[in-house]
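Participant: 3D model of this:
(one chain, ligands or ions: 1)
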Amino acid sequence: MAIETEISEIIIDEYTKMLKAALNSDAVVVGGGPSGLYAAALLAEDGYHTVLLDRRVSLGGGIWGGGMMFNKITFQEQSREIFDELDIEYWKRGNLYVASAIELAGALIHRLSKSGASILNGVFAEDIVLINERVRGVVINWSTVEMAHLMVDPLMLSSKVVIDATGHPAEVIRHLSRRKNIHIPGEGAMDVVRGDSATVEHTKEIYPGLVVCGMAANAVSGTPRMGPTFGGMLLSGKKAYEIARDVIHSANSMN
Ligand code: 48F
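Facilitator: Residues are numbered from 1 along each chain as shown. This next block holds a predicted model:
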């Protein structure tokens, strides 16, 4: 076999193996920003079969650009433990801590890559699977299909829990809200202190089988945005993981 053929065959086989395994999982995390990356890594490290998908080719969501492309991020004392756990270098400036946006993105992506999760980048959730009043997965398609406005039918991923970590647009919940009349007020105006804690507070199972975290939690609760401070995002990811674990266990006990 020509090496050119061999390369293509290996890539197609390996990706297909991962995609087929992803068809039926414990958890699908939609969105690879800080909250989704951390939630997915923690779930997969615990042995839950976890799939993370992101519309973009590169994971990391809003981390890379720091604030207005100044690639530094800040966080508050409450989340310091997570930055230590991720082995990220940081230093104190007044009441805040500061770290490199690049290092945070790299550390989270590396952690997820090593966790055993299936990662589908360049793939987006275009809808939810809703059976007997419970979210049971997502409908997916290639981002390129969306970008080119092609009429191509999707495929489906089944899971025991779905986490909406899509950030400001809260896209997964919007698919539900169209059918269930759930009001999504959108995030409130900037208020760093309230916004950072609201992200964690409003991380919850918003509908049976659907957990919301990160900025999507602020969007559905109408609570403030908080700009380039990322502690709340990671704490929210951790809380989403804990809630998702319980949802998976109760789904297992229903079967
Ligand atoms: O917005 P994003 O970084 O999510 P987050 O975890 O973090 C927010 C912060 O980055 C920042 C902030 C901090 O204070 O406010 O904005 O809430 O990342 C969301 C990811 O979800 C992907 C999108 O490409 C991005 O990488 N995404 C959004 N919708 C979909 C999606 C979708 N329908 N399917 C797949 N991926």
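Participant: drop to CA atoms for contacts and neighbour counts, all remaining ones
Facilitator: Noted.
Participant: Next, name the residue at the spatial heart of the protein.
Facilitator: Closest to where the C-alpha atoms of the chain average out (CA atoms, centre = their mean) is residue 36, at 2.4 Å.
Participant: What helix or strand is that residue located in?
Facilitator: Per DSSP states H and E: residue 36 is located in helix 34-45.
Participant: The next helix-or-strand element following that helix pairs with which strands, parallel or anti?
Facilitator: Downstream of helix 34-45, the next assigned helix or strand under DSSP H and E is strand 50-54. Strand pairing for strand 50-54, using DSSP bridges, gives strand 24-30 (parallel), strand 118-121 (parallel).
Participant: what's next to strand 50-54, contact-wise?
Facilitator: 22, 25-32, 36-37, 40, 43-44, 116-125 (CA atoms under 8 Å, 6 or more residues apart in numbering).
Participant: and it with the ligand, contact?
Facilitator: Yes. Using CA under 6 Å from any ligand atom, strand 50-54 reaches the ligand at 53, 54.
Participant: Just the buried residues of the longest helix along the chain, please?
Facilitator: Secondary structure of the chain per DSSP state H: the longest helix is helix 231-254. For helix 231-254, a neighbour-count test (16 or more other CA atoms under 10 Å) marks 231-241, 243-245, 247-248, 251 as buried.
Participant: what about stretch 131-151, average pLDDT?
Facilitator: The average pLDDT within stretch 131-151 is 97.
Participant: again with stretch 171-188
Facilitator: 94.
Participant: Wondering if it reaches the ligand at all.
Facilitator: Yes. Residues of stretch 171-188 contacting the ligand under CA under 6 Å from any ligand atom: residue 171.
Participant: near the ligand, which residues of this protein?
Facilitator: Within reach of the ligand by CA under 6 Å from any ligand atom, the chain has these residues: 30-36, 53-56, 59-63, 124-126, 165-168, 171, 214-216, 226-230, 233.
Participant: From residue 22, how far off is residue 216?
Facilitator: 24 Å (CA to CA, to the nearest Å).
Participant: what about those two, which has more around it?
Facilitator: The residue with more neighbours, out of residue 216 and residue 22 and counting by other CA atoms under 10 Å, is residue 216; that gives 27 against 24.
Participant: Tell me which residues touch that one, please.
Facilitator: Residues counted as contacts of residue 216 (CA under 8 Å, 6+ apart) are 164, 165, 166, 167, 168, 169, 170.
Participant: ok, 6 Å please
Facilitator: 167, 168, 170 (CA atoms under 6 Å, 6 or more residues apart in numbering).
Participant: Which stretches in the stretch 51-200 of the chain count as helices?
Facilitator: For the stretch 51-200 of the chain, applying DSSP state H, counting those that start in this stretch gives helices covering 80-85, 101-115, 143-147, 171-180, 192-201.
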